[in-house]
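[1] Everything below, folded, please.
(one chain, ligands or ions: 2)
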Amino acid sequence: MTRLSRAVLPTLRGVRIPAYDPAGITVGIVHLGVGAFHRAHQAVYTDAVLAADPTWGISGYTQRSAAVRDRLAPQDGLYTVLERGAGAGPPHVVGALREIRGPEEDGGPAARIADPRVRLVTLTVTEKGYRPDAPTVGRLVAGLDARRRADAGPVSVLSCDNLPANGATLRGLVADRCAALPDGERLLDWITTSVAFPSCVVDRIVPATTPADLAAAASALGVADEGAVVAEPFTQWVIEDAFAAGRPDWAATFTADVAPYEAAKLRLLNATHSLLAYTGALAGHDTIAAAMTDPALAETAYRFMTEDAVPTLTLPPGFDLGGYQDTILRRFADPALGHRTAQVAADGSLKLPIRLLGTARDRLAAGATPQWTALAVAAWMVYVATRQPLDDPIAGTLAAATAGYSTPASLVDPLLELLPPVPYPAWRDMLLAHTARLLHDR
Ligand SMILES: NC(=O)c1ccc[n+]([C@@H]2O[C@H](COP(=O)([O-])OP(=O)(O)OC[C@H]3O[C@@H](n4cnc5c(N)ncnc54)[C@H](O)[C@@H]3O)[C@@H](O)[C@H]2O)c1
Ligand SMILES: O=P(O)(O)OC[C@@H](O)[C@@H](O)[C@H](O)[C@H](O)CO
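    Ligands and ions are numbered 1, 2, ... in the order given. Below you'll find the predicted structure:
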């Protein structure tokens with residue numbers, strides 16, 4: 001079958017195609033980690049501005065393998081976003097990704113980051129990409145060093161991962177990495193004056209693409225698209241408006257402080273997602289939507305948000321909390337997406353501290369009993385002990401910690417040692433009660 005490419009764009013019918021000639025776009029953004037989410041989120045926002053400003057094309061560098069490069073390069077970087085679910089629009093071919101390279105191809109992204117036309121570096125590298133020894137941070141620091149040496153001017157670095165204070169977190173990792181370099185002090189001085197690390201909150205559910213999704217893309221387009229991604233119609237981006245060298249005129253919400261939006265998103269949406277992933281998987285549900293068909297789990301999700309998470313939040317002025325919660329539950333319940341519980345459940349050792357443990361601490365400090373939060377963490381513990389192979393960067397450590405457990409305490413105590421502390425005796429008691437029930441129900 002013919003592949004999607006610039007040449008076939010004029011022949012496509014019933015499909016949104018770029019409102020500009022992709023060949024006329026120059027690169028202004030370097031993106032690290034060209035996963036499904038980047039293609040369905042930041043690249044779509046950027047696609048929408050390129051007709052008016054063709055200087056913000058994206059140069060993408062994959063981070064772990066060249067697989068996405070191999071799928072997209074033969075397609076001139078073009079791919080389709082297939083919206084699924086209530087309110088879905090037509091298939092949308094995105095042209096913003098103007099270059100695509102493997103992690104270390106042509107020496108990695110340093111030369112591109114040092115290009116004066118580049119004014120922004122963005123990242124979607126998962127929670128794992130922000131560990132101190134992560135190769136991405138090294139590549140970013142090498143790029144910033146090359147830019148300083150080239151005197152290529154200020155630049156902004158925008159993390160688009162689900163982390164609290166993602167900009168400040170990345171700045172901290174970069175500073176630590178600089179401190180370990182021979183000429184690190186000079187580089188850090190330059191970064192302090194010339195590089196901005198705005199934080200942002202990203203939101204769009206983008207499941208991993210399946211072979212059935214690629215077949216659906218081929219059928220919709222009439223040509224093969226090996227880079228297609230599937231997404232819900234909902235999309236949101238809240239960005240701290242603190243850039244060092246300009247930014248695209250994205251249709252995002254720009255604000256001075258993203259922290260209240262970030263807490264609402266991580267503690268309501270992502271935390272509830274994790275709760276449904278672990279409890280749903282233990283109940284035998286393959287997808288988040290299937291878990292939401294179980295009235296007990298849907299009730300649990302609602303009560304977790306309302307009773308545990310909401311009291312810990314300071315919301316932005318005018319924030320429609322009821323609408324936000326309802327929308328989250330409606331999005332999770334949409335069966336069209338097929339977001340697998342196993343995908344959301346992956347990397348729990350990194351996600352739980354971000355999504356759930358802050359709520360546990362805040363509620364316990366207030367003298368409350370965060371039962372639903374404890375249920376989510378207990379469900380993770382039982383999931384960890386009973387799923388093999390486990391998709392987690394410390395899977396081996398988790399397996400060793402849970403090997404041969406025989407009682408709730410012999411499961412809970414070693415796993416508590418591996419998580420950041422929640423220093424309240426009641427927390428352990430709640431976990432013991434929930435794991436006892438979950439193990440009994442299996
Ligand atoms: N998919 C979503 O619904 C969604 C929504 C909001 C935010 N996000 C954010 O985007 C991230 C990526 O999601 P995705 O759907 O694109 O996943 P994906 O599996 O399609 O892509 C993951 C990307 O991260 C890179 N990566 C993985 N581990 C890495 C590591 N240790 N170091 C460096 N790079 C690494 C991969 O190379 C790949 O480019 C999420 O972890 C989250 O922070 C995703
Ligand atoms: O992408 P991850 O693995 O960090 O988390 C899985 C989901 O909870 C997450 O991707 C949500 O779908 C997303 O955050 C919605 O905006």
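[2] how about the strands in this structure?
    Counting by DSSP state E, the chain forms strands over residues 27-32, 57-61, 79-83, 92-94, 97-101, 120-123, 155-159, 195-196, 200-203, 229-231, 236-240, 253-255, given from the N-terminal end onward.
[3] Show me which residues of the protein sit near ligand 2.
    162, 203, 204, 205, 269, 270, 273, 344 (CB under 6 Å from any ligand atom). The way it works is simple: take the backbone N, C-alpha and C, and place the C-beta from them, glycine included.
[4] Please tabulate the strands of the chain in JSON lines, including the columns distance to residue 408.
    As requested, these are arranged in JSON lines below (distance: least, CB to CB, whole Å):
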{"stretch": "strand 27-32", "distance to residue 408": "42"}
{"stretch": "strand 57-61", "distance to residue 408": "45"}
{"stretch": "strand 79-83", "distance to residue 408": "44"}
{"stretch": "strand 92-94", "distance to residue 408": "49"}
{"stretch": "strand 97-101", "distance to residue 408": "49"}
{"stretch": "strand 120-123", "distance to residue 408": "39"}
{"stretch": "strand 155-159", "distance to residue 408": "38"}
{"stretch": "strand 195-196", "distance to residue 408": "48"}
{"stretch": "strand 200-203", "distance to residue 408": "35"}
{"stretch": "strand 229-231", "distance to residue 408": "39"}
{"stretch": "strand 236-240", "distance to residue 408": "39"}
{"stretch": "strand 253-255", "distance to residue 408": "44"}
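[5] Switch those strands over to a markdown table; also include mean pLDDT and distance to ligand 1.
    Compiled in a markdown table, the strands of the chain are given as follows (pLDDT from 0 to 100; distance: least, CB to the nearest ligand atom, whole Å):
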| stretch | mean pLDDT | distance to ligand 1 |
| --- | --- | --- |
| strand 27-32 | 98 | 7 |
| strand 57-61 | 98 | 9 |
| strand 79-83 | 98 | 12 |
| strand 92-94 | 98 | 14 |
| strand 97-101 | 97 | 11 |
| strand 120-123 | 98 | 8 |
| strand 155-159 | 99 | 9 |
| strand 195-196 | 98 | 20 |
| strand 200-203 | 98 | 5 |
| strand 229-231 | 98 | 8 |
| strand 236-240 | 98 | 10 |
| strand 253-255 | 98 | 15 |
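[6] any chance of these in a markdown table, plus mean neighbour count?
    Compiled in a markdown table, the strands of the chain are given as follows (neighbours: other CB atoms under 10 Å):
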| stretch | mean neighbour count |
| --- | --- |
| strand 27-32 | 25 |
| strand 57-61 | 26 |
| strand 79-83 | 24 |
| strand 92-94 | 22 |
| strand 97-101 | 22 |
| strand 120-123 | 24 |
| strand 155-159 | 24 |
| strand 195-196 | 20 |
| strand 200-203 | 23 |
| strand 229-231 | 26 |
| strand 236-240 | 21 |
| strand 253-255 | 16 |
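[7] of these, which approaches residue 368 most closely?
    Between residue 368 and the strands of the chain, the tightest spacing by CB to CB is seen for strand 200-203, at 25.8 Å.
[8] In contact with residue 257, which residues?
    For residue 257, the contact set (CB atoms under 8 Å, 6 or more residues apart in numbering) comprises residue 240.
[9] isn't residue 287 right up against residue 342?
    No - the pair residue 287 and residue 342 does not pass the contact test of CB atoms under 8 Å, sitting 9.4 Å apart.
[10] So which of these two has more stuff around it?
    Set side by side, residue 287 and residue 342 show unequal neighbour counts under other CB atoms under 10 Å, the larger going to residue 287 at 23 against 16.
[11] returning to that earlier point: out of the strands of the chain, which gets nearest to residue 6?
    If you check each of the strands of the chain against residue 6 by CB to CB, strand 92-94 wins as the nearest, at 10.1 Å.
[12] Does that closest one pack against any helices or strands, and if so which?
    helix 42-47, strand 79-83 (3 or more CB pairs under 8 Å, 6 or more residues apart in numbering; DSSP states H and E).
[13] Not counting the shortest one itself, show me its contacts.
    Outside of strand 79-83, the residues that reach it under the criterion CB under 8 Å, 6+ apart are 4, 15, 39-40, 44, 72, 89, 91-94, 97, 213, 216-217, 220-221, 225, 227-233.
[14] How many residues are close by residue 296?
    Burial of residue 296 is recorded as 9 neighbouring residues (other CB under 10 Å).
[15] meant to ask about residue 10
    If we define neighbours as other CB under 10 Å, then residue 10 has 7 of them.
[16] Give me the pLDDT for it.
    At residue 10, the pLDDT value in this model is 97.
[17] Show me the helices in the stretch 251-400 of the chain, by range?
    For the stretch 251-400 of the chain, the helices defined by DSSP state H, counting those that start in this stretch occupy 259-264, 271-282, 288-292, 295-303, 321-333, 341-345, 348-352, 358-365, 371-386, 395-402.
[18] tell me the mean pLDDT for the second one?
    This points to helix 271-282. For helix 271-282, mean pLDDT rounds to 98.
[19] From the contact counts, what lies against that helix?
    Judged by 3+ CB pairs under 8 Å, 6+ apart, helix 271-282 is in contact with helix 288-292, helix 295-303, helix 321-333, helix 341-345, helix 348-352, helix 371-386.
[20] how about the ones you listed in JSON lines, adding mean pLDDT and distance to residue 259?
    Rendered in JSON lines, the data for the helices and strands packed on helix 271-282 read as follows (pLDDT from 0 to 100; distance: least, CB to CB, whole Å):
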{"stretch": "helix 288-292", "mean pLDDT": "98", "distance to residue 259": "27"}
{"stretch": "helix 295-303", "mean pLDDT": "98", "distance to residue 259": "24"}
{"stretch": "helix 321-333", "mean pLDDT": "98", "distance to residue 259": "16"}
{"stretch": "helix 341-345", "mean pLDDT": "98", "distance to residue 259": "24"}
{"stretch": "helix 348-352", "mean pLDDT": "98", "distance to residue 259": "19"}
{"stretch": "helix 371-386", "mean pLDDT": "98", "distance to residue 259": "20"}
